[in-house]
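In: no sequence on hand, only this structure:
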């Protein structure tokens, strides 16, 4: 679809949501932005709003009743600033770097579980448990609860029935509320304790903030690891070069973020007044989605955009969005991906994909882009450390 839009001039187009997204009903008409310049413009223009309460009147849907959506992702300044400020210190580049050895230990611990196996599922056996352990460790979720936590998050972000989504959302909200109550005044230094004890954040907001960090913090990272390996597999020479020189990993991760864009579509925006984008008038009250995956393949921004290039200058992509709503976890996400690939290179020197392209099953999510399973082998050598 994105290629067809580019061929037609890469201008904003009207689309209809066939299946709906989270709190957005099916059949909703919306605008889709696909060019890098248009999306960069929208990310920095305050007429593109995120306030959930006001957006619900446009959606014609009572999504604001869900406790899980009252977070910084669904608010504009000054509320967005108030909600984000308590968390900023935990997600700086310095904080992410300080956690690098802890993240490395998680990666090797997860790989230990598949040591000696002739093959394993990169998604189910490595990417998901690795990313969920990292984000749950940062949040302060007990180890014994992390599998259940992951199951709830998978349901909430999937194309499951509305009843199933509401059920698991309620279970997660109740769990987070009880856990943060226990952490209040506990002296713990994790993110949930920080939220629970902050005087400027209500209980409802704290629960919603924790949910947003969890889902954004593990789903996208897990998807990036599998999609990144698929991109390498498409060019054996590139794969071999990276496996032979781990110093290339940071640049490779930047290119994976651009080339694979684990966030396919942004969360909604709505326009507060008429606005012209790329020569097209978008009326006030319209819903707008930003196609980050399309922008990161825009041939007016990137030379040979469909090629995976280890030597491409990094950092120019918008995989993490931009403006005030740029991803708060971007530094940690890069550290996680770098550490994961470094561990795979070290522990699985002959790693190859065993799932054929024809058998790949992509997750039915318009927001997150990832495969359900990816069989790879051989597994890591037996643990000798």
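Out: Everything's here; your move. This is a predicted model, so every value here is computed, not measured.

In: got a list of what residue 342 touches?
Out: Applying C-beta atoms under 8 Å, 6 or more residues apart in numbering, we find residue 342 in contact with 104, 107, 246, 249. Any C-beta I mention is one placed from the backbone N, CA and C, and that applies to glycine too.

In: closest to residue 373 among those residues?
Out: Of all the contacts of residue 342, the one with the least separation from residue 373 (C-beta to C-beta) is residue 107, at 19.6 Å.

In: which residue sits closest to that closest one, ignoring its sequence neighbours?
Out: Taking C-beta to C-beta, 6 or more residues apart in numbering, and ignoring the residues beside it in sequence, residue 107 has residue 343 as its nearest neighbour in space, at 4.0 Å.

In: right, and residue 381 touches residue 114 too?
Out: No: contact between residue 381 and residue 114 fails when scored by C-beta atoms under 8 Å: they sit 10.8 Å apart.

In: give me the more crowded residue out of these two.
Out: residue 114 (20 against 12; other C-beta atoms under 10 Å).

In: the nearest residue to the more buried one once chain neighbours are set aside - how many residues pack around it?
Out: Spatial nearest neighbour of residue 114, excluding adjacent residues (C-beta to C-beta, 6+ apart): residue 120 at 4.2 Å. The tally of other residues near residue 120 (other C-beta under 10 Å) stands at 23.

In: next one: phi and psi at residue 120?
Out: As for residue 120, its main-chain torsions (degrees, to the nearest 10) stand at phi -150, psi 160.

In: I figured residue 297 hits residue 304, correct?
Out: No: with contacts counted by C-beta under 8 Å, residue 297 stays clear of residue 304, the gap being 10.1 Å.

In: show me the residue at the heart of this protein, geometrically.
Out: Centrality entry for the chain: nearest residue to the mean C-alpha point is residue 220, 3.0 Å, by C-alpha atoms, centre = their mean.

In: and it, how far from residue 99?
Out: As judged by C-beta to C-beta, to the nearest Å, residue 220 and residue 99 stand 17 Å apart.

In: repeat for residue 381
Out: Using C-beta to C-beta, we find residue 381 at a distance of 26 Å from residue 99.

In: residue 204 too?
Out: Between residue 204 and residue 99 the distance, using C-beta to C-beta, works out to 28 Å.

In: neighbour count for those two, which is higher?
Out: Counted by other C-beta under 10 Å, residue 204 and residue 99 do not tie: residue 99 has more neighbours, with 20 against 14.

In: which residues touch that one?
Out: Taking C-beta under 8 Å, 6+ apart as the criterion, residue 99 is in contact with 138, 332, 335.

In: repeat that for 7 Å
Out: Counting by C-beta atoms under 7 Å, 6 or more residues apart in numbering, residue 99 touches residue 335.

In: oh, and call the first residue 18 from now on, that's how I've got it
Out: Will do, 18 is the new start, and the previous item becomes residue 116.

In: mind checking pLDDT for it?
Out: pLDDT, the model's per-residue confidence, is 96 for residue 116.

In: residue 123 reaches residue 149, doesn't it?
Out: No: taking C-beta atoms under 7 Å as the contact criterion, residue 123 and residue 149 are not neighbours in contact, 9.8 Å apart.

In: and these two? Which one has more around it.
Out: The neighbour comparison of residue 123 against residue 149 (other C-beta under 10 Å) goes to residue 149, with 25 against 22.

In: quick one: the strands in the stretch 268-402 of the chain?
Out: 286-288, 292-294, 297-299, 304-307, 369-370, 392-394 (DSSP state E, counting those that start in this stretch).

In: looking at these, which is closest to residue 183?
Out: Between residue 183 and those, the shortest gap by C-beta to C-beta is with strand 304-307, which sits at 21.8 Å.

In: that closest one: partners in the sheet, and parallel or antiparallel?
Out: Here the strand partners of strand 304-307, with direction, are listed using DSSP bridges: strand 46-50 (parallel), strand 286-288 (antiparallel).

In: to the chain's geometric centre, what's the distance from that strand?
Out: Strand 304-307 sits 17 Å away from the centroid of its parent chain (C-alpha atoms, centre = their mean, to the nearest Å).

In: ok, stretch 251-267 next?
Out: Using C-alpha atoms, centre = their mean, we find the averaged C-alpha position of stretch 251-267 to lie 24 Å away from the chain's own average C-alpha position.

In: so where's the longest helix in this structure?
Out: Ranked by residue count under DSSP state H, the longest helix found in the chain is helix 220-250.

In: buried residues in that one?
Out: Within helix 220-250, the residues scored as buried using 16 or more other C-beta atoms under 10 Å are 222-250.
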